[in-house]
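Peer 1: I need the structure of the sequence given here:
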Amino acid sequence: MPVDESKSVVTVVGGGNSAHVLIPFLSASGHKVNLMTRRPEAWSKMVTCELQRPSKKKEMVLYGDVNHPAADVLQTVKGRINTISSDPAEVIPEADVIVLCMPVHQYRDALNRLAPYINRTKKDVFVGTVYGQAGFNWMVHEVERLYRMENVCAFAIGLIPWICRTMEYGKLGANYGTKAVNVAAVTGHVSFMWTVILDVQTLLHYIEYFLSVDFLHLTRPRNKFEYLNKIFFEDICVRWHNKGTFHQACSFLSLTLSVDNQMIHPGRCYGLWKRYGGNWATEDDIPFFYKDFDDVSAECMHLLDADYTKVRDAVKLQFPERDFKYMLDYLTLERVTHNSKHGTIKDSLKNSEQLALIKTPTTKLDDGTYGLNVNCRFFTDDIPYGVLIARWVGQELGVETPFIDEIIQWAGSIRGEKYLKDGKVDLEYCLSGCHTTGIPPTYGIFNVKDILD
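Peer 2: Numbers count the residues shown, from 1 in each chain. The predicted structure follows:
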């Protein structure tokens, strides 16, 4: 489809699974699509997305050099990338919408890299992500302060709108269906009123900001959500699936404390570790991550979500003026977004047709066996940019979270990380590295009362 001049210019940043869906969907809807990636040579100008459903056939199908379970293709969508580059100067300045498609722990680095090239002459530039874990607004506001940008509107989609996978990197993606309801948070502009001329050095900038918080005034999002829905959201779900309407969350915190990966992934991985020791003799022995979901993993996830619920309840008491309509426990959120009637966590995951094809992340070990991949995003995203955030918020609100602590300590023991010390989040450890965690103090937010956007 040719570019529609009335549509937005979208720059996709990163080459994650969701990029292989967004690019075809947006391009085929008339948008001009650019791509910023560290691997421009690996991408084809034409990207294809197959809308699939699990096949009754049990054989594996080779895509590129990777075997995937067989699936029935319901529809094929093709999209063209206008410019592919690793240089933000070539793909960021003309963007009306910039959307990150990458692991959560990479968001902050990516934002700092692209921010200097955002076009400040545009009235609005929407900067967002397809997955709203880890206080994305805190990250965006950090670069807004650093680069003194006043035309950026941050947005985050609570849950990735579809179940998707990369079949051939840079060429082919698979979409297994969309959610019945999608939730997103959107901010208005940030306006800075500087009373002194600051040196460009980052340290002085941050000192001035933290001593003068009155400099920062957030405009209300008001019609920003409706506008973004019209120019972007509608073309990535409803247009292709005839469902998946977007609804506005009252706060990014609703997403930060509700999105499900940070409960599903650590809970399931811990369950696999407890049941199997995280090791399997052959590839055929490895259980599917969801289709083979068992009682041990379900109990781990239940206990984890119960701790999250205590934190959510404390947040609602702290901020009674917000409705937090979409800050929900796992099963309630699953029923809202999927329009399901599952009675248990195990049923919701084990019987999901959309999730059936997803395999457990493993690596082949030197002895020929297969071990749980502790360096995958289930650990690098969902611990330091997931459960640890809930742990810090709970700590500051006086909430005990024993199972969250157990998960953090277990993951840390197999990855050599020590996020907790003497029963508290170890701020010295968490703030000592470069973008080590996503807890609010990373962004200079030390008072829990300041965590709302």
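Peer 1: which residues in the stretch 351-453 of the chain form helices?
Peer 2: 377-380, 388-396, 402-415, 427-430 (DSSP state H, counting those that start in this stretch).
Peer 1: Could you provide the ones you listed in JSON lines, with additional columns for distance to S340, mean neighbour count and mean pLDDT?
Peer 2: C-betas here are computed from N, CA, C, even on glycine. Formatted as JSON lines, these follow (distance: least, C-beta to C-beta, whole Å; neighbours: other C-beta atoms under 10 Å; pLDDT from 0 to 100):
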{"stretch": "helix 377-380", "distance to S340": "23", "mean neighbour count": "20", "mean pLDDT": "95"}
{"stretch": "helix 388-396", "distance to S340": "24", "mean neighbour count": "24", "mean pLDDT": "98"}
{"stretch": "helix 402-415", "distance to S340": "25", "mean neighbour count": "18", "mean pLDDT": "97"}
{"stretch": "helix 427-430", "distance to S340": "36", "mean neighbour count": "15", "mean pLDDT": "94"}
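Peer 1: is it true that S254 touches G158?
Peer 2: Yes: using C-beta atoms under 8 Å, S254 is in contact with G158, at 7.5 Å.
Peer 1: what about those two, which has more around it?
Peer 2: G158 (30 against 24; other C-beta atoms under 10 Å).
Peer 1: among the helices of the stretch 351-453 of the chain, which is nearest T369?
Peer 2: Of all these, helix 402-415 sits nearest to T369, with 15.9 Å by C-beta to C-beta.
Peer 1: Hey, what's the angle from the closest one to helix 388-396? Just curious.
Peer 2: Counting by axes from the mean of the first three to the mean of the last three C-alpha atoms, to 10 degrees, helix 402-415 lies at 140 degrees to helix 388-396.
Peer 1: hang on, the earlier thing: which neighbours do S254 and G158 share?
Peer 2: Taking C-beta atoms under 8 Å, 6 or more residues apart in numbering as the criterion, S254 and G158 both touch 183, 185, 326.
Peer 1: Identify, from those residues, the entry nearest to L74.
Peer 2: Comparing those against L74 with C-beta to C-beta places V183 closest, at 25.4 Å.
Peer 1: and that closest one, which of the three is it?
Peer 2: Following DSSP: H, G, I helix; E, B strand; the rest coil, the label given to V183 is strand.
Peer 1: what does S27 give?
Peer 2: S27 - assigned by three-state DSSP - is helix.
Peer 1: separation between it and R80?
Peer 2: Distance, S27 to R80, by C-beta to C-beta, to the nearest Å: 5 Å.
Peer 1: Sketch out the low-pLDDT regions of this structure for me.
Peer 2: The chain contains residues with pLDDT under 70 at 1-5, 54-70, 190-222, 354, 434-435.
Peer 1: Spell out for me which residue occupies the centre of it.
Peer 2: Geometric centre of the chain, nearest residue: Y131, 2.7 Å, by C-alpha atoms, centre = their mean.
Peer 1: For R268, which non-adjacent residue is closest in space?
Peer 2: Distances taken as C-beta to C-beta, 6 or more residues apart in numbering place S297 nearest to R268, at 4.6 Å, with adjacent residues excluded.
Peer 1: Validate this expectation: that neighbour resides in a strand.
Peer 2: No: secondary structure of S297 (three-state DSSP): helix, not part of a strand.
Peer 1: hang on, the earlier thing: which residues sit in contact with the residue nearest to the centre of the chain?
Peer 2: By C-beta under 8 Å, 6+ apart, the neighbours of Y131 are 18, 104, 156-157, 159-160, 259, 261.
Peer 1: Please apply the same query to E142.
Peer 2: 108, 111, 443-444.
Peer 1: if we go to 10 Å?
Peer 2: Applying C-beta atoms under 10 Å, 6 or more residues apart in numbering, one finds that E142 lies in contact with 108, 111-112, 115, 206, 209, 442-445.
Peer 1: Please apply the same query to I407.
Peer 2: With C-beta under 10 Å, 6+ apart, I407 has these contacts: 262-263, 266-267, 269-270, 300, 303-304, 307, 382-383, 386-388, 391, 401.
Peer 1: ok so, going back, any idea which of the shared contacts of S254 and G158 is closest to R120?
Peer 2: A185 (23.3 Å).
Peer 1: pretty sure the closest one is in contact with G132, am I right?
Peer 2: Yes: counting by C-beta atoms under 10 Å, A185 touches G132, with 6.5 Å between them.
Peer 1: which residues do these two both contact?
Peer 2: Between them, A185 and G132 share the contacting residues 155-158, 249, 252, 254-256, judged by C-beta under 10 Å, 6+ apart.
Peer 1: from memory D453 sits against A185, does it?
Peer 2: Yes: in this structure, D453 is within contact of A185 by C-beta under 10 Å, at 7.5 Å.
Peer 1: that older thread, OK, contacts around the residue nearest to R268?
Peer 2: 264, 267-275, 287, 289-290, 345-346, 349-350.
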